[in-house]
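> Mind folding the following:
(one chain, ligands or ions: 3)
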Amino acid sequence: MQRKTKTLGEFIIENQAEFKYSSGELSKLINAIRLAAKVVNHEVNKAGLVDILGAAGDTNVQGENQQKLDVLANEKFIQTLKNREIVCGIASEEEDDFISINSQDKQHQNKYVVLIDPLDGSSNIDVNVSVGTIFSIYRRVTDIGSPVTLEDFLQPGIRQVAAGYIIYGTSTMLVYTTGHGVNGFTLNPAIGTFYLSHPDMKFPETGKIYSINEGNYIHFPQGVKDYIKYCQMEEGDRPYTSRYIGSLVSDVHRNMIKGGIYIYPKSSLNSDGKLRLLYECNPMAFLAEQAGGKASDGYGRIMEIHPTELHQRVPFFCGSPKMVEQAESFMAKYA
Ligand code: AHG
Ligand code: MN
Ligand code: MN
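Ligands and ions are numbered 1, 2, ... in the order given. Got it, this is the predicted structure:
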């Protein structure tokens, strides 16, 4: 007998009961993200066809060149979430400030805020390599009925109620958690439906892949340099294989399936690393932990950091638990 494959829509409805006191708002929010993912997927897929390649000629708050698809993905996600009146606030890599959302009849009644990296790995678009979207969801901490404040966004990762990513790869997948494990859904582009293809995803305890931009080696802290040498040493199951796409989502996705570690350390060039705590590291950390992995800044748990800024950067070590622990032990020698 053929097994019936569950769609993401069915999965969301079935699992709504997992949330105590839930009014269905979070389910509606995940549904809105599912819709936005399909819209952005469509844009990413035709990137080579139409004139949306290349820089938009603008820079974002962090002085980075914005790609046209960065802007487009940002617009699509914000528009979809706004139109559905499902969140009270959004923060995005591409927006200097958070956006407060209100409508006549809702009067700030929604209780969730979303933080997004609308297009991750955007420098890969021009060369047809996988990119992604990352999202993180919190319950607001300020009173319902009032506009959101920065406080609602500056919450430690352990308070996330859901997080996930979309990977626009050889196939498009949506992978997310609501704190009950990690599930991955693959898009059937012919009918625009996501199917549960990767139930209960788990990082292997250890692995053989290390992912780091080794071009920056000279600038890395000694602990990271030592760990890289350890990965390359011929001993036991080593040397490991080096794999670095330069798109956090794709690198972590591969390592979650195959076993591995992703590292973006601090360096003598940038003292806090490159990746952003709130919409890159925290959501990936929540997913990693829910999949039996670990996420650290080299010394401690990412999700326990108390954020002070919307676009705060942090060093990031994420992957198979044994490998992250090993890297942390090298870091500790020079702490
Ligand atoms: P974004 O495209 O959202 O700015 O993120 C890019 C990030 C991350 O996805 C990737 O792992 C990292 O930057 C790559 O940085 P390097 O080119 O410095 O290795
Ligand atoms: Mn990114
Ligand atoms: Mn981005």
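> If we go by neighbour counts, what in stretch 134-151 is buried?
134, 135, 136, 137, 138, 139, 140, 142, 148 (16 or more other CB atoms under 10 Å). No exception for glycine: its C-beta is placed from N, CA and C like everyone else's.
> Taking the residues you listed together, which two end up most distant?
Using CB to CB, the buried residues of stretch 134-151 span at most 24.1 Å, a distance reached by 134 and 142.
> before we move on, the earlier item: which of the buried residues of stretch 134-151 fall within helices?
Among the buried residues of stretch 134-151, DSSP state H puts none in helices.
> what would those residues look like in JSON lines with distance to residue 206 and pLDDT?
Shown next, in JSON lines, are these (distance: CB to CB, whole Å; pLDDT from 0 to 100):
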{"residue": "134", "distance to residue 206": "25", "pLDDT": "98"}
{"residue": "135", "distance to residue 206": "29", "pLDDT": "98"}
{"residue": "136", "distance to residue 206": "27", "pLDDT": "98"}
{"residue": "137", "distance to residue 206": "30", "pLDDT": "98"}
{"residue": "138", "distance to residue 206": "32", "pLDDT": "98"}
{"residue": "139", "distance to residue 206": "35", "pLDDT": "96"}
{"residue": "140", "distance to residue 206": "39", "pLDDT": "96"}
{"residue": "142", "distance to residue 206": "42", "pLDDT": "96"}
{"residue": "148", "distance to residue 206": "41", "pLDDT": "95"}
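> out of these, who's nearest ligand 3?
Nearest to ligand 3 among the buried residues of stretch 134-151: residue 134, at 8.1 Å, using CB to the ion.
> for the closest one, what are its contacts?
Contacts for residue 134 (CB atoms under 8 Å, 6 or more residues apart in numbering) come out as 116, 117, 120, 163, 164, 165, 248, 249, 279, 280, 283, 284.
> which element follows the helix or strand of the chain with the lowest mean pLDDT toward the C-terminus?
Least confident helix or strand, the chain: strand 65-67 with a mean of 57, by mean pLDDT, DSSP states H and E. Following strand 65-67 in sequence order, the next helix or strand is helix 68-83 (DSSP states H and E).
> quick check, that next one touching ligand 3?
No: applying CB under 5 Å from the ion, one finds helix 68-83 separated from ligand 3 by no less than 5.9 Å.
> pLDDT at residue 59, what is it?
The confidence metric pLDDT takes the value 66 at residue 59.
> I misspoke; the intended subject was residue 313.
On the pLDDT scale, residue 313 gets 98.
> now swap in the one 4 residues further on and tell me
Taken from the predicted model, the pLDDT recorded for residue 317 is 99.
> Contact residues of the stretch 51-200 of the chain facing ligand 2?
Counting by CB under 5 Å from the ion, the stretch 51-200 of the chain comes close to ligand 2 at 117, 120.
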